[in-house]
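**Student:** Fold the following for me, if possible:
(3 chains)
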Amino acid sequence: MTATLLTPPTAMTGTVATPAVQTETILAIRNLVTRFKTGDGMVAAVNGISLDIAAGETIGIVGESGSGKSQLFMSVMGLLASNGRATGSVKYRGQEILGLPPAKLNRVRGSKMSMIFQDPMTSLNPYLTIARQMTEVLVQHKGMSQSQAMKRSIEMMDLVRIPEGKRRIGMYPHEFSGGMRQRVMIAMALLCQPDLLIADEPTTALDVTVQAQILDLMRDLKREFNTSIVLITHDLGVIAGLADRVMVMYAGNVIEAGSVRDIFYDPQHPYTEGLLQSMPRLNSDRHAELPSIGGQPPNLQDLPPGCNFQPRCRYAHARCLAEEPALRPCGDPAALRAKACHLEQLPLTEADRAVIDADRAARTRH
Amino acid sequence: MLSYAVRRILGAIPTILAIIALAFFMIRLAPGGPFATDKPLPVEIKRNLEKAYHLDEPLYMQFGRYMGNVLQGDFGPSFRMRDYSVNELLRQGFPYSLQIGLIAVAVASFFGILFGTIAALKQNTPGDYGTMAIAMIGITIPNFVVAPLLVLLLAVTWRILPAGGITAGWTSFILPIVALSLPPTAYIARLTRASMIEVLRSNFVRTARAKGLPERITIMRHTLKAGLLPVVSYLGPATAGIITGSIVIEQIFGIPGIGRYFIQGALNRDYTLVMGTVIFFAVLIILFNLLVDLLYGALDPRVRYD
Amino acid sequence: MTDATIGSLPPAAKPIKGRSLWQDAWRRLRTNKAAIVSLAVLALIAVACVVGPYLLPYGLDDVDYAAFTTAPDFAAQHYFGTEANGRDLLVRTLYGGQISLMVGIVGTLVSLIIGVTYGATSGFLGGRVDSMMMRLVDVLYSLPFMFFVILLMVFFGRNILLIFVAIGAVNWLDMARIVRGQTLSIKRKEYIEAAHACGVSSWGIIRKHVIPNTLGPVIVYMTLTVPQVILLESFLSFLGLGVQEPMTSWGVLISEGARSMTIAWWMLVFPAVFLAITLFCLNFIGDGLRDALDPRDR
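**Tutor:** Coordinates of the predicted model:
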């Protein structure tokens, strides 16, 4: 049961000097399964994920394309393609929102929970002014008049550090640069001061310097509004600067979770270890070959037997082919540490190394 | 926006001049002349007639003379209908053609967009398939087939509408307009459907939904504008098609419009009448295209900086 | 373990069988029932038009003095009835089909040749030449070409060759646009750069990359042009500017039928039905091909 594994404790233990602070759960996902109907049959993009997000925390979701990280939150926001179906439970502040009809869901979307997407150019309507696209959120959710909404929108543009907001707000998206467009998206998403901001690869389409600026902005905004942030990305560097805790996804499942420090300094799943090793570092040996995880992400319609990762795993042994590892707690439960792997720990214990070596020997004999 | 408009207008002028030139030379190069009758005319009379109509001058002089006149709005006398000038004939026929044509365009646009949008919103349901099947009929069956069939059904068999002529008041225009607007309606419906489906799948519509906007606003404000752009572009060729179609429709329903004059002129080798109608239609189409271009520029801000 | 690539077990999943674009397209086309049925019906009509006249007792121009403008009469073997000159309508409809279909194919080929040449040249040369050439296309697009075709027909006679060329010349604009668009987008694609970088010759690139990628939309467009051409020919014939006697086409037959429809409904209905069904089928096939080769319409 992963419910308790990824649920932050409802009473945060403070030190003797500070009182215990209640952090409420903003979003509670239970056993979310998202399936798509394709020409070749049903495919499960998200395979039973449970997760709680508390107020004010930033959680990073890391994974390759096809890991299900985006579809997970598309399901939460009700933005699945027409051939997709999500089952399970998603509760916003205790209210079930999965499967709500659009009319009801629209009261939550945009005002209590917002989402920003990867490509700001195509995500903004090229035929409407920025002013229109921003004010309509306030007019719809806060019942503001057009002039009030304009005033607030310009304030928001200033907050996201777009210079000359008053002049710029009447312009069209194609008149903005990539970085500025993303800022506009962020501004739009925060207009109603939502409890939760879901950022789906917000910096992937931007170049590195702009990336850094956007991340700085998000960090500052998080502090200002105390918004919970879900940061979906394949780039570990982005996570490092912003997230409090991290979930690593592979082929529709969570395969490791923990605080950002734990994940980076003490990865417990071979996939996470591989990801970290394959990040180029400034101080690494320039002539050594950059390690990479061999193979391809699996075909979701034809998953490997046992563990989904075993074909690419350097530590795979007989048990991995036979039995799919369940997500289990490891390390400090208060830190919500969990992994889905048969290994005792990484680096390998003596016992595990012996098992792997014996398995290798047995196979080379055949 | 203004510079865009001016550029478009300036671009239209050489086109008009080119059309006048093309029509002129084509007709002059064709065998036969306005005075080719069964009985050969006495040489004297023929020469006098040719002189009166300036046909004895070298070609380039005739062209220059004609161009000059046209630019002052004078299309010259009709070669065949000696009592009338082309201008008069055009003026007579214009109101009928204009009425039918304009209403047909309006009808086609309105119903085409309506059905296309409904089909897009109900994609892959029976409603979608049904509408598109009917649209398919509109596109494939030519209007000169539909028109007689409609007449057969509604005028001859059921007798609820007049079969032709213009004497029955506004009811005599119903069948011609229906026959004329059917193919463009169908085409616009299909175009709208395809375009709307495309737009409904786009990222910015996803953003609109993510912002929690009611579906009604998402469709009206975000989708419609984007989805109708290809339809706006199509209005230019659509009008050309309606004008072409009007030739036949006016024949079938006996409407004394400009299309009918064109056909008569073509068959009679009435040079000036034919040229007059061609130029007239061409200018009309160019003007309409200009309007469409401007409308497009108003809708799509990216185009203005072309 | 310090090997650079992590993971030394062979992949246990079975290999994914690849599908070429054409296989994929054919698979999709096969499931489109409307398109398959249309192909069958069209083939039937074509065969009937070519072979039919040999199986029927009456010739194209045979006058049956006992039957002027008679309704369909199975006993007398006038299955579609006769027309004003006593000629059998079924035979005339089939012969008319030959002409209409032939005009469709040849006109489309003319349109194809002009359009592909123009479009490919424009796209390949790019730059100002391309802009100018496309500007010309834009201008021509909204003109009533039909008017000039009609003038051509009237003044230069109703030569069947001229009809082919003129009708084909009306429709090349769309083809040119499509081919030009494809050429431009392919030119810029990364795989062209990659092919260059790998040392593939220009001709090799054209053969292996440019042509196959242009082929798809061109085929779709051709299938959609054929009905347009047939329609145009019918339109001309209806106005009395089409093929000359004794040849006939569906347009001519419909024109005659429309004039006599109050007294002889069969003269209008049968050719009209043939024309309509043929156009339907062609449009369904064209749509099916388009969906198969460019599947985004789910």
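
**Student:** Got phi/psi on residue A:117?
**Tutor:** The phi/psi pair for residue A:117 (degrees, to the nearest 10) reads phi -120, psi 180.

**Student:** show me what contacts residue 63?
**Tutor:** Defaulting to chain A. Contacts for residue A:63 were tallied using Cβ atoms under 8 Å, 6 or more residues apart in numbering or on different chains; they are A:69, A:234, A:248-250. Every C-beta, even on glycine, is put in place using the N, C-alpha and C of the backbone.

**Student:** Chain B was what I was after
**Tutor:** Residues in contact with residue B:63 (Cβ under 8 Å, 6+ apart) are B:21, B:24-25.

**Student:** how about 7 Å then?
**Tutor:** By Cβ atoms under 7 Å, 6 or more residues apart in numbering or on different chains, the residues touching residue B:63 are residue B:24.

**Student:** so which strand or helix has it?
**Tutor:** Using DSSP states H and E, residue B:63 maps to helix B:59-71.

**Student:** try residue A:31
**Tutor:** With DSSP H and E as criterion, residue A:31 is part of strand A:25-38.

**Student:** Listing request: residues of the chain with sub-threshold pLDDT.
**Tutor:** Picking chain A for this. A:1-22, A:366 (pLDDT under 70).

**Student:** should've been chain C
**Tutor:** C:1-21, C:142-144, C:154-155, C:157-158, C:202-207, C:209-210, C:212, C:294-298.

**Student:** switch to 90 and redo it
**Tutor:** Residues of chain C meeting the criterion pLDDT under 90: C:1-36, C:38-39, C:49-93, C:95-96, C:99-273, C:275-276, C:279-298.

**Student:** residue ranges of the helices in it, please?
**Tutor:** With helices called from DSSP state H, chain C shows them at C:21-31, C:33-55, C:89-125, C:127-141, C:145-156, C:160-188, C:190-197, C:202-205, C:211-238, C:250-259, C:265-293.

**Student:** by contact count, what packs against the third one?
**Tutor:** In this structure, helix C:89-125 packs against helix C:33-55, helix C:127-141, helix C:160-188, helix C:211-238, helix C:250-259, helix C:265-293, with contacts taken as 3 or more Cβ pairs under 7 Å, 6 or more residues apart in numbering or on different chains; DSSP states H and E.

**Student:** Turn these into a markdown table, including distance to residue A:79.
**Tutor:** Converted to a markdown table, the helices and strands packed on helix C:89-125 look like this (distance: least, Cβ to Cβ, whole Å):
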| stretch | distance to residue A:79 |
| --- | --- |
| helix C:33-55 | 32 |
| helix C:127-141 | 38 |
| helix C:160-188 | 29 |
| helix C:211-238 | 31 |
| helix C:250-259 | 51 |
| helix C:265-293 | 26 |
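
**Student:** between those, which gets nearest to chain A?
**Tutor:** Of all the helices and strands packed on helix C:89-125, helix C:265-293 sits nearest to chain A, with 12.6 Å by Cβ to the nearest Cβ.

**Student:** give the contact list for the nearest residue to residue C:98 once chain neighbours are set aside.
**Tutor:** Spatial nearest neighbour of residue C:98, excluding adjacent residues (Cβ to Cβ, 6 or more residues apart in numbering or on different chains): residue C:49 at 4.9 Å. Neighbour list for residue C:49: C:94, C:97-98, C:101 [criterion: Cβ under 7 Å, 6+ apart].

**Student:** coming back round to it: in its sheet, what does the strand holding residue A:31 sit against?
**Tutor:** strand A:41-54 (antiparallel), strand A:84-92 (antiparallel) (DSSP bridges).

**Student:** and the ones you listed, which is most packed in?
**Tutor:** Highest mean neighbour count of those: strand A:41-54, a mean of 20 (counted as mean count of other Cβ atoms under 10 Å in any protein chain shown).

**Student:** which residues touch it?
**Tutor:** A:2-3, A:6-8, A:23-36, A:59, A:68, A:71-72, A:75, A:196, A:228, A:230, A:247, A:252-254, A:300-301.
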